[in-house]
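> Sequence first, then the predicted structure, then my questions.
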Amino acid sequence: MSMRVVEKQFFRMLSGMVLSRPLAVVCAGLLLALIGFLAGSRMISLNADTDDLIASDVPYMADYQAFAEEFGDLERMWVVLDGSAGSRSASCAQWIRDRLEADESLGEIHGGISSEEQLTIATRAMSLDDLQSIVTGCEFIGLASTSGDVFRGLADILNGLPLIPEDPEDIRDLAGVILAIKWIVEGPPEMAERLLRSDGGQYIFIGIMPPKDYGTLGVISKPVQVVRDILAKAREVYPGIEMGLTGKPVLQSDEMATSDRDMTRAAILAIVLVSIVIMLVLGTVRLPLLAMLAFGCAAGWTYGLVGITIGQLNLLSIVFMLVLIGVGLDFGVHVISRYSEFRQTRGRAGSIRGLYQTVMRGNAAAVLTSSATFFVAWFTDFQGLRELGLIAGVGLLLCFLSMATVLPALLLICDRKPRDRGPVFKGMEFGLMDRLVHVPWMVIGCSVVLSLALLPFAWNMQFERNLLELQATDIESAQWEKRIASDSDSATWFAASMVDTREEAEDLVDRARSQKMIGRVRSIGDVVEPSTSDRVELRRQLDSCTASADAVSEHSVVSTIRDIDRHLKRLVPFAGTRGAELEDIIEALGFIESLGPQASSVIAENLADLVLFLNRVQEGNRLELRDSLPGGMRAELMSPQGRFLVMMHPTENVWDYDAMGRFVSDVRAIAPDATGIPMTHFESLDAMRDAFVLMMLLAVVFITVITILTFQNVLDVLVCLLTLGIGLWWTVGAMSLLGVSFNLANFFAAPILVGLGIDGSLHMVHRWKEGGPGRLKFGGTRRAVVLTSLTTMIGFGCLVIAEHKGLRSLGIVMAIGSASCLLSVVVLMPSLLAVRDRLRIQ
């Protein structure tokens, strides 16, 4: 059985069902739509995680997911302050940090290393000499405690040591006793909070790890607003200090908010303008409303099917409704346009039968080609594109089904007039185009000249890979990202390599610093010194030390001070470079002595603080390595499983694609398994472009096959494909001429334009093949093709008002592409068909 026989039987069945039971068809369609909307609203969840847009079995994504599973989420929001104001900038940063930490909804805050964290990591972070001093001082504090008066005990130990020791052990003991006395007199070492700064000190950072809700479009919109409210108050308290919020999650949140706002405004404007255009061209209000109702049924069916099968929408597939409106509604426009034409000479039933014999055949071929352009997305590596292709493809098929059943049934029920008056605006009969058909060679020649003129422009078409350039110009997060990207020390992006041992981490750090494109390298070595046998022994000794805050005798404090003072003064001439330190201790002793009766309480307080200080150092010393690391750095330095991370920052702005490629190359030269945002970003940019190119090539193959099966005539197929190709060529050339390059936002227009161009060609050829003396005028078919192109042009063209540059470029490309494909279909194609008619006659 041939395809044409199957097609005739299928449409005869639909025609019989609609003509015999139109009310039942409408009620069934509406009921299924209602069920679909209810099921979809309950079963469909939103997945706004950009990582899930790429298939998990892609090697570079598998590496990144393995890294994420090992170390968790390291994508922070970053508060950035200009540090040029010195202490005022630091004070502002602390003011902001205090308020961030007070808000529990913001999650983990990392703005530096606190004094407590410094004590916890002290035995692993300090030099061996400093650790030796701490151990010796602690030992003498413990030894002096046995006398019952620590201060007096230290004085006695000092007096018992040689004035000029020669034995290394005596030298060590003397240094330890003096250090212990210094602690008691001046208090324990002060650990000032260390802010998180860029290496050059230009910027101060505060990292925020907010809870992320991937079930919402904004993901972190609420935390972003909380932080920005705090920054707004900080600007009032600290005027003149520049500050902002950025980081990958913030950029994505701002982009989504901007896009959502732009899409809403564009959609409202598009609905108004498209409605006006449809009503003007068709000269009626009722028929477009019926088409919209039938479209609503298809949307409900699609929504319900998505809920039952996939169960989620991602950041790409969420635009499936835009695809259905842009392409699927066109089937209804063709139906009501041809129906209006039939009603001028036929009754209702005759007009419905005429639809199934003519326009439905064109719609069938068009839906197969349009859906094919989306179904081929399943052959790409992008899960987001796969799901979008599947949903949009099935949605278009359901749109066709609704326009072939529900819409004719609605027309049969609602149109009670015996005969329609026809279009109101006769000016829509395209007199100029009718005249051009009589000079086909001139039209073909002009088309060739135009195509050749656009050749150099189309050949030089560029592909913009810098996603930061697609953001709205006034978005704060994008401005700050550009600013810190120019300072390699402050770049928020890094390549990550996981290693099993600290020795491997140290080796990788050394190799990374030899690469030109790798700048700052971060690892556990920035916080922790190498674990040598000497350090292990000193830490063991410290762990066995005991220090207690014994009472200090009020009667012995003054005499003890004088004894220590006298002994230290005798040591000063022999102290060399440490003489100044002894002078400071002597000065402090003099001050305490001057306090009189209060001297003992000062010594007692200092001793209590010292014991607390030593106890905290010992507590940190006993912890496992990962537990001793500063809280804000722990997750990015060492995983819970004990692996270590080496983070390599670029020396150049890797938002630039070429710089990103050089950075990725240098990183992989020393760490082939490295991952991170620059690596996945670099791979996905080319992969996404290649995916769209693959979709286009496969779509052309499927379109060719479907067109051959539809017409079973080589010349018909060539006319359709040539018209489509010329329209796309003019689109690319005009884009380049106007300075519009392809990017990851407007590349989405390609499959839509392919579907739009081939649909118009198929409908025009179908109408031409119906024959008759006026077949080169195309009647209502040409009006429908013009109308669908205009609505697409207007619908997407309204995006030119968008602030988001990517969306704006999508609107420009769709407007240019719709116009180019329209001109190719309604001007060039009739001339090609006219030439065929002349050649056949000859």
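Ah, there it is.

> Please enumerate the helices of the stretch 551-700 of the chain.
Ranges of helices in the stretch 551-700 of the chain, per DSSP state H, counting those that start in this stretch, are 554-571, 579-594, 599-622, 625-628, 631-637, 657-670, 677-711.

> for those helices, which one sits closest to residue 75?
helix 677-711 (7.7 Å; C-beta to C-beta). Backbone N, C-alpha and C define where each C-beta goes, glycine included.

> For the helix or strand hosting residue 262, name the packing helices and strands.
Per DSSP states H and E: residue 262 is located in helix 248-282. With contacts taken as 3 or more C-beta pairs under 8 Å, 6 or more residues apart in numbering; DSSP states H and E, helix 248-282 sits against strand 77-82, helix 221-237, helix 286-309, helix 329-342, helix 476-485, helix 779-797, helix 805-823.

> Using the record's assignment, carve this structure into domains.
Domain segmentation of the chain under automatic domain parsing yields 1-43+283-424, 127-183+530-628, 430-460+713-842, 488-529+630-677.

> Pipe those into TSV and attach distance to residue 74, mean neighbour count and mean pLDDT per row.
Listed next are these as TSV, based on distance: least, C-beta to C-beta, whole Å; neighbours: other C-beta atoms under 10 Å; pLDDT from 0 to 100:
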stretch	distance to residue 74	mean neighbour count	mean pLDDT
domain 1-43+283-424	21	20	85
domain 127-183+530-628	15	17	82
domain 430-460+713-842	24	20	85
domain 488-529+630-677	5	19	90
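
> about what we covered before: any chance of the helices of the stretch 551-700 of the chain in a markdown table, plus distance to residue 190?
Output for the helices of the stretch 551-700 of the chain, formatted as a markdown table (distance: least, C-beta to C-beta, whole Å):
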| stretch | distance to residue 190 |
| --- | --- |
| helix 554-571 | 22 |
| helix 579-594 | 14 |
| helix 599-622 | 10 |
| helix 625-628 | 20 |
| helix 631-637 | 21 |
| helix 657-670 | 40 |
| helix 677-711 | 38 |
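
> now for the ones you listed, which one comes closest to residue 280?
Comparing these under C-beta to C-beta, the one sitting nearest is helix 677-711, at 31.6 Å.

> who does the closest one touch, helix- and strand-wise?
Secondary elements touching helix 677-711 (3+ C-beta pairs under 8 Å, 6+ apart): helix 59-71, helix 359-375, helix 383-414, helix 657-670, helix 714-737, helix 749-769.

> Could you tell me the angle between the last one and helix 677-711?
Using axes from the mean of the first three to the mean of the last three C-alpha atoms, to 10 degrees, the direction of helix 749-769 lies 10 degrees away from that of helix 677-711.

> What of the fifth one?
Angular relation of helix 714-737 and helix 677-711 on a 0 to 180 degree scale: 150 degrees, by the same axes, to 10 degrees.

> elements contacting whatever helix or strand comes next after helix 714-737?
Past helix 714-737, further along toward the C-terminus, the next helix or strand under DSSP H and E is strand 742-743. On a contact count with 3+ C-beta pairs under 8 Å, 6+ apart, strand 742-743 meets strand 463-464, helix 805-823.

> In JSON lines, list these along with distance to residue 707.
As requested, the helices and strands packed on strand 742-743 are exported to JSON lines (distance: least, C-beta to C-beta, whole Å):
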{"stretch": "strand 463-464", "distance to residue 707": "29"}
{"stretch": "helix 805-823", "distance to residue 707": "16"}
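
> What are the contacting residues of whichever strand or helix holds residue 171?
Per DSSP H and E, residue 171 falls inside helix 168-186. For helix 168-186, contacts defined as C-beta atoms under 8 Å, 6 or more residues apart in numbering pick out 132-133, 136-137, 139-141, 144, 150-151, 154-155, 157-158, 161-162, 165, 189, 564, 568, 581-582, 584-585, 588-589, 592, 603, 606-607, 610, 613.

> dump the residue contacts of residue 497.
With C-beta under 8 Å, 6+ apart, residue 497 has these contacts: 508, 645-646, 648, 667, 671, 673-675.

> at 10 Å what do you get?
Counting by C-beta atoms under 10 Å, 6 or more residues apart in numbering, residue 497 touches 67, 504-505, 508-509, 512, 523, 644-648, 667-668, 670-676.

> Also residue 329?
Taking C-beta under 10 Å, 6+ apart, one finds 274, 278, 288, 291-292, 294-295, 298-299, 399, 403, 788, 791-792, 795 in contact with residue 329.

> try it again with 6 Å
Residue 329 makes contact with residue 295 under the criterion C-beta atoms under 6 Å, 6 or more residues apart in numbering.

> just residue 118 next, same as before
residue 191.

> That one sits in which helix or strand?
In the assignment (DSSP H and E), residue 118 maps to helix 115-125.

> Going toward the C-terminus from that helix, what's the next helix or strand?
helix 128-145.

> helices or strands next to the helix or strand following that next one in the packing?
Next helix or strand after helix 128-145 toward the C-terminus (DSSP H and E): helix 150-160. Helices and strands touching helix 150-160, by 3 or more C-beta pairs under 6 Å, 6 or more residues apart in numbering; DSSP states H and E, are helix 128-145, helix 168-186, helix 554-571.

> Just the CA trace of the longest one, in PDB.
Coordinates of the C-alpha atoms in helix 168-186 are reproduced here as PDB (Å, rounded to 0.1, in the frame of the first residue of the first chain):
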ATOM      1  CA  PRO A 168      72.400  23.900  72.600                       C
ATOM      2  CA  GLU A 169      70.000  22.400  75.100                       C
ATOM      3  CA  ASP A 170      70.600  25.300  77.600                       C
ATOM      4  CA  ILE A 171      70.100  27.800  74.700                       C
ATOM      5  CA  ARG A 172      66.800  26.100  73.900                       C
ATOM      6  CA  ASP A 173      65.700  26.100  77.500                       C
ATOM      7  CA  LEU A 174      66.600  29.800  78.000                       C
ATOM      8  CA  ALA A 175      64.600  30.700  74.900                       C
ATOM      9  CA  GLY A 176      61.700  28.700  76.100                       C
ATOM     10  CA  VAL A 177      61.700  30.300  79.600                       C
ATOM     11  CA  ILE A 178      61.900  33.800  78.200                       C
ATOM     12  CA  LEU A 179      59.000  33.000  75.800                       C
ATOM     13  CA  ALA A 180      56.900  31.700  78.700                       C
ATOM     14  CA  ILE A 181      57.700  34.800  80.800                       C
ATOM     15  CA  LYS A 182      56.800  37.000  77.700                       C
ATOM     16  CA  TRP A 183      53.400  35.200  77.400                       C
ATOM     17  CA  ILE A 184      52.600  35.800  81.100                       C
ATOM     18  CA  VAL A 185      53.700  39.400  81.100                       C
ATOM     19  CA  GLU A 186      52.300  40.500  77.700                       C
END
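
> Sheet-wise, list the partners of the very next helix or strand once past that helix with their directions.
Sequence order places strand 194-197 as the next helix or strand after helix 168-186, per DSSP H and E. With DSSP bridges as the test, strand 194-197 is paired with strand 112-113 (antiparallel), strand 203-209 (antiparallel).

> which one of the ones you listed has the lowest average pLDDT?
In terms of average pLDDT, strand 112-113 trails the rest of those, at a mean of 86.

> contacts for that one?
193-196, 630.

> redo that, cut-off 10 Å
If you take C-beta under 10 Å, 6+ apart as the criterion, strand 112-113 is touched by 90, 93-94, 97, 120-121, 125, 191-197, 204-207, 527, 629-633.

> need the contact list for the spatially closest residue to residue 399 that is not a sequence neighbour.
Computed as C-beta to C-beta, 6 or more residues apart in numbering, the closest residue to residue 399 that is not its neighbour in sequence is residue 328, at 3.1 Å. For residue 328, the contact set (C-beta under 10 Å, 6+ apart) comprises 295, 298-299, 302, 320-321, 367, 370-371, 392, 395-400, 402-403, 755.
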